[in-house]
Each structure stands twice: as structure tokens, then as C-alpha cells.
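Novice: here is a sequence together with a model predicted from it:
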Amino acid sequence: MLRSQMLVDYRKFRTARVLIFVDVSDSKKAARLLREHGEAIERLAAQFSAQLLMAESARIDPERIVEEDVADAWLLLRLEGPNRALATRKSPQYLNLDARHDWENHAFQELVRQIRETREINDQVAGHYSRYSFNAPAGLAEDPRPGIS
């Protein structure tokens, strides 16, 4: 199986940190989700070298994931019934795998969108601060004690 990563920082070759959550709020639905979509989830995780975590959807805090730089991109996979949408405009990272759509392709595109957004933010911040030099004064550059920098 092909394992790959996506670059976020092209200067330092930092790769994207991707999380894929599986909703285990209802254990029967979670078991069915893994049974029916396990191979596709595994393929998606491999494409981004993503970490796959099981969590209760109510306990996931999207703001904290972004603010504390836990991941560059993330998805929450769950089963909400065939009459519900695959995703919503308000929460595109919450995917209903019961929907009658190509969720794997949609998930791939959503992760790429989030990673591009992260890269653009990093480029803006790096571009803003690149005009400043952060060199320490000569006397503070190195500490003579071993192991202290």
C-alpha cells in the first residue's frame, strides 16, 4: 500500500499532520462503520500518513485542534443515516459515510483543502516575519555549560 505525506512548509520540508477520527459515540454504528468502510479508511489514512483515532464526536473540539496546532487537517467519520448530507458547508470536516456519495474522494479533497489553507497561513506568517532578523547578541549566542543552549 502506498504511504505518502503532503508538504506544508516547502522551505523546511515539514509535512502535514493529519488526524482521522472515527466517531464511537454509538458503538454499534462505529463497528458497522469500520466493518463496511475499514479498507477505504485505511487507504485514506495511508495517502496522508494520517493518525487514526477513535473518539466521541461530542468531545472533539475543532477550535482546540486548530489553535493548539494539533493537526494541519482532520476529519470526523460517522454514520448519521442515508437521508443526511455527506457534509455541510458549516462543518465540512464532519463526514456522514451513510450518505449515498463518493465519500472517499470528498474526504481526500477536504484534507487537501485544509492542508493548503494551513500552508497559505504558514507562508503569510513566515513572509511577514522573514524581514526581521532574530540574531542573538554575540555574548548570548552559546552557553559555555555543556548541554545548555
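Specialist: Arrived safely.

Novice: in the helix ranked longest in the chain, what counts as buried?
Specialist: Scanning the chain for the helix with the most residues, using DSSP state H, yields helix 103-129. Buried residues in helix 103-129, defined by neighbour count with 16 or more other CB atoms under 10 Å: 103-104, 106-108, 110-111, 114-115, 118-119, 122. Yep, even glycine has a C-beta here, placed from its N, CA and C like the rest.

Novice: with stretch 57-69 instead?
Specialist: Within stretch 57-69, judged by 16+ other CB under 10 Å, the buried ones are 57, 60, 65.

Novice: quick one, what contacts the first one?
Specialist: What that stands for is S57. Going by CB atoms under 8 Å, 6 or more residues apart in numbering, S57 touches 21, 23, 25, 76, 78, 94.

Novice: cutoff 6 Å now
Specialist: Contact analysis of S57 by CB atoms under 6 Å, 6 or more residues apart in numbering lists 23, 25, 76.

Novice: any quick PyMOL command for the buried ones out of those?
Specialist: This is the PyMOL syntax for the buried subset of the contacts of S57, where burial follows 16+ other CB under 10 Å:
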select buried, resi 23+76
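
Novice: which of the contacts of S57 sits closest to P82?
Specialist: When the contacts of S57 are compared for distance to P82 (CB to CB), D23 wins out at 16.4 Å.

Novice: point out where this structure drops to low pLDDT.
Specialist: 1, 126-149 (pLDDT under 70).
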